[in-house]
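K.L.:
With the sequence up front, the predicted model follows.
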Amino acid sequence: MSHDFGPAVALSCRECGARYPLGPSFACQECFGPLEAAYEFGRVTREEIAAGPASIWRYRALLPVPADVATKPNMNPGWTKLVRAGNLGRALGIRSLHVKDDSGNPTHSFKDRVVAIAVEAARTFGFHTLSCSSTGNLAGAVTAAAARAGLDACVFIPANLEEAKIAMARVFGGRLIGIDGTYDEVNRFCSELIGDPLGDKWGFVNVNLRPYYAEGSKTLAYEIAEQLGWRLPEQIVIPIASGSQLTKIDKGFKELIALGLVEDAPYKIFGAQAAGCSPVSAAYKAGHDVVQPVKPDTIAKSLAIGNPADGPYVLDIARRTGGAVEDVTDPEIVAAIKLLASTEGIFAETAGGVTVGVLKKLVESGRLDPEAETVVLNTGDGLKTLDAVAGESSRPTAVIRPSLDAFRAAV
Ligand SMILES: Cc1ncc(COP(=O)(O)O)c(C=O)c1O
Ligand SMILES: [Zn+2]
C-alpha cells in the first residue's frame with residue numbers, strides 16, 4: 001500500500017541522522033534516538049499559502065499530509081488570532097507585544113493542531129483506535145478528532161486532572177482511563193500497551209505517531225510569521241511540557257528561512273515552566289545538558305511532565321538562539337492569568353499564566369529586550385482551569401436587591 005505523506009519523504013533520527021521509511025515508528029534502531037519527519041519541499045510561495053483555507057491546512061505543502069487533506073472529514077484547527085497586546089505591553093514595559101491565542105481552536109487548546117496531523121497518519125496506517133497519554137488538553141483533542149474521523153478513542157490521563165478537561169474529553173465519546181499516577185507513569189504505561197497485542201491497531205498520537213503529531217506544532221511558527229506580515233518575531237515565549245511544541249516552532253522558523261518565505265533574521269526562543277515542575281528550567285540554570293526528572297506539584301497540570309522527552313533539545317535551542325528557560329510559582333501563574341485577562345480580555349488556562357508570568361519575570365530581570373518585537377503564547381482556554389482563579393473571583397463583586405437605592409449604596 002502506498003502512503004501519501006505529501007512532502008515528507010522519510011523519518012530521520014534526531015540524534016544520529018539515520019533514515020527510515022515513513023511508518024508508525026518513533027525510535028531509531030541504531031541509537032534509540034527519537035525520529036522526526038524529514039522533507040523534500042517543492043517550491044512554496046506566500047501567495048499559494050495565502051490562497052489556502054483559514055486553518056493549518058493552508059500549510060499542507062509543509063506538513064506530512066496528503067494535498068487533499070482539507071477535503072476530508074477532519075478538524076480544521078489553526079489560523080487563530082495573533083492579538084496585538086498594547087495594554088499588556090504597556091503594563092510590562094514592552095514596546096511591541098502580541099499574544100498568539102490558541103484558546104480559539106476547536107477544543108480550546110493548541111493540541112488540535114498536532115492531533116489533526118496524527119489522525120491523518122492513523123488513517124493511513126489503518127489504525128482503528130486513536131489513543132494518547134495526556135495531561136488533559138490532548139485527551140479532549142483526541143476524542144474530538146476520533147469522533148469526527150469515525151475512529152474509536154481510548155485515552156489515558158492522570159486521574160486527578162481538572163474536571164473541565166475530563167468532561168471535555170468524555171463528551172466526544174470513547175473511553176477515558178484515569179490512572180492513579182503522574183503523567184510520566186501514564187506515558188510509560190502507554191508505551192507498554194504498544195508492545196501488547198491489545199494495542200496492535202492503536203495509534204497513540206504522542207507515542208507511535210509522534211513523528212507526525214509533533215509536526216503540527218510547526219504551524220504555530222508559520223502562522224505567527226505570516227500574521228506578522230511574513231516576518232519572524234524577535235523574541236517568543238513558549239510553554240514547555242514535553243518540550244515538543246518549542247522545538248517544532250524553532251523547526252518551523254528555520255524552514256521558512258530555508259524556503260525564502262521570510263528574511264533570515266535572528267530570533268530568541270524562551271521556554272516557560274511552572275516552578276512546581278521545572279526540570280528544564282533547573283537544567284538551564286545549572287548549565288546542564290541533561291534534564292533530571294522531577295515529580296510535579298503545580299496548578300499548571302497541562303504542563304506537568306516531570307521527564308520531558310524534548311528537554312535536551314529545548315536547552316540547546318534556548319542557548320543557541322540567545323533565549324532562556326525560566327519558571328514561575330503558582331501564585332505568579334494566577335497573577336499572570338489575571339493580568340492578561342484584565343489588560344487584554346483574554347482568559348488563559350494555567351499554561352498561559354505560565355508564559356505571561358515568565359514574560360514578566362524575563363523583562364523585569366533584563367533578559368528580554370523591551371524594545372524587540374515579542375510574541376507570547378496562550379495555548380489553552382481559562383474555562384478549562386477555572387479552579388485556578390476560584391475563591392474571591394468565583395463570586396459577584398456585590399450581591400444586592402434589585403433597587404436603585406441598593407445599587408447606589410453598593411457602588
Ligand atoms: C495548554 C498546553 N500548553 C502547552 C503544552 C506543552 O506542550 P509540549 O508537550 O509540546 O511541550 C501543553 C501540553 O500538554 C498544553 O496542554
Ligand atoms: Zn539514531
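P.N.:
Everything's here; your move. This one's a predicted model, so the numbers in the text were calculated from it and none came from an experiment. Ligands and ions are numbered 1, 2, ... in the order given.

K.L.:
switch to C-alpha atoms for all contacts and neighbour counts from now on
P.N.:
OK.

K.L.:
Next up, the contacts around residue 172.
P.N.:
By C-alpha atoms under 8 Å, 6 or more residues apart in numbering, the residues touching residue 172 are 140, 143, 144, 147.

K.L.:
isn't residue 62 right up against residue 41?
P.N.:
Yes. Taking contacts as C-alpha atoms under 8 Å, residue 62 lies within contact range of residue 41: 7.0 Å.

K.L.:
shared neighbours of these two, which are they?
P.N.:
Counting by C-alpha under 8 Å, 6+ apart, the residues touching both residue 62 and residue 41 are residue 7.

K.L.:
that older thread, so which of the contacts of residue 172 sit within helices?
P.N.:
140, 143, 144, 147 (DSSP state H).

K.L.:
okay, residue 1: pLDDT?
P.N.:
As predicted, residue 1 sits at a pLDDT of 47.

K.L.:
from the chain's centre, how far out does stretch 294-312 sit?
P.N.:
A distance of 13 Å separates the centroid of the chain from that of stretch 294-312, by C-alpha atoms, centre = their mean, to the nearest Å.

K.L.:
Does that stretch reach ligand 1?
P.N.:
Yes. Interface with ligand 1: stretch 294-312 contributes 302, 303 (C-alpha under 6 Å from any ligand atom).

K.L.:
which parts of that stretch are buried?
P.N.:
Within stretch 294-312, the residues scored as buried using 16 or more other C-alpha atoms under 10 Å are 294-308, 310-312.

K.L.:
CA-only coordinates of that stretch, as PDB, when you get a sec.
P.N.:
These are the backbone C-alpha positions of stretch 294-312, laid out as PDB (Å, rounded to 0.1, in the frame of the first residue of the first chain):
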ATOM      1  CA  VAL A 294      11.100  15.600  38.900                       C
ATOM      2  CA  LYS A 295       7.800  14.700  40.500                       C
ATOM      3  CA  PRO A 296       5.300  17.500  39.500                       C
ATOM      4  CA  ASP A 297       3.400  19.600  42.000                       C
ATOM      5  CA  THR A 298       1.700  22.600  40.400                       C
ATOM      6  CA  ILE A 299      -1.600  24.000  39.400                       C
ATOM      7  CA  ALA A 300      -0.400  24.100  35.800                       C
ATOM      8  CA  LYS A 301      -1.400  20.500  35.300                       C
ATOM      9  CA  SER A 302      -1.200  20.600  31.500                       C
ATOM     10  CA  LEU A 303       2.500  21.300  31.800                       C
ATOM     11  CA  ALA A 304       3.100  18.800  34.500                       C
ATOM     12  CA  ILE A 305       5.600  16.400  32.700                       C
ATOM     13  CA  GLY A 306       8.400  15.600  35.100                       C
ATOM     14  CA  ASN A 307      10.500  13.800  32.400                       C
ATOM     15  CA  PRO A 308      10.200  15.800  29.200                       C
ATOM     16  CA  ALA A 309      11.200  13.900  26.100                       C
ATOM     17  CA  ASP A 310      12.400  17.000  24.300                       C
ATOM     18  CA  GLY A 311      14.100  18.600  27.300                       C
ATOM     19  CA  PRO A 312      17.700  18.500  26.000                       C
END
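
K.L.:
follow-up on the earlier one: which among the contacts of residue 172 end up buried?
P.N.:
For the contacts of residue 172, buried by 16+ other C-alpha under 10 Å: 140, 143, 144, 147.

K.L.:
ok, and what's touching the helix or strand containing residue 254?
P.N.:
Using DSSP states H and E, residue 254 sits in helix 244-258. For helix 244-258, contacts defined as C-alpha under 8 Å, 6+ apart pick out 214-215, 217-222, 232, 238-240, 262-264, 269, 271, 309-310, 313-314, 317.

K.L.:
what about 6 Å?
P.N.:
217, 218, 221, 262, 264, 310 (C-alpha atoms under 6 Å, 6 or more residues apart in numbering).

K.L.:
For residue 281, give me its contacts.
P.N.:
Residue 281 touches 325, 326, counting by C-alpha under 6 Å, 6+ apart.

K.L.:
Name the residues of stretch 123-135 that are buried.
P.N.:
Buried, per 16+ other C-alpha under 10 Å, within stretch 123-135: 123, 124, 125, 127, 128, 129, 130, 131, 132, 133, 134, 135.

K.L.:
and the contacts of helix 244-258, which are buried?
P.N.:
For the contacts of helix 244-258, buried by 16+ other C-alpha under 10 Å: 217, 218, 221, 262, 310.

K.L.:
Which of the residues you listed fall within helices?
P.N.:
218, 221.

K.L.:
re earlier: of the buried residues of stretch 123-135, which belong to helices?
P.N.:
Short answer: the buried residues of stretch 123-135 in helices (DSSP H) are 123, 124.

K.L.:
of the buried residues of stretch 123-135, list those near ligand 1.
P.N.:
Of the buried residues of stretch 123-135, the ones that also sit near ligand 1 (C-alpha under 6 Å from any ligand atom) are residue 135.

K.L.:
Perfect, that will be all.
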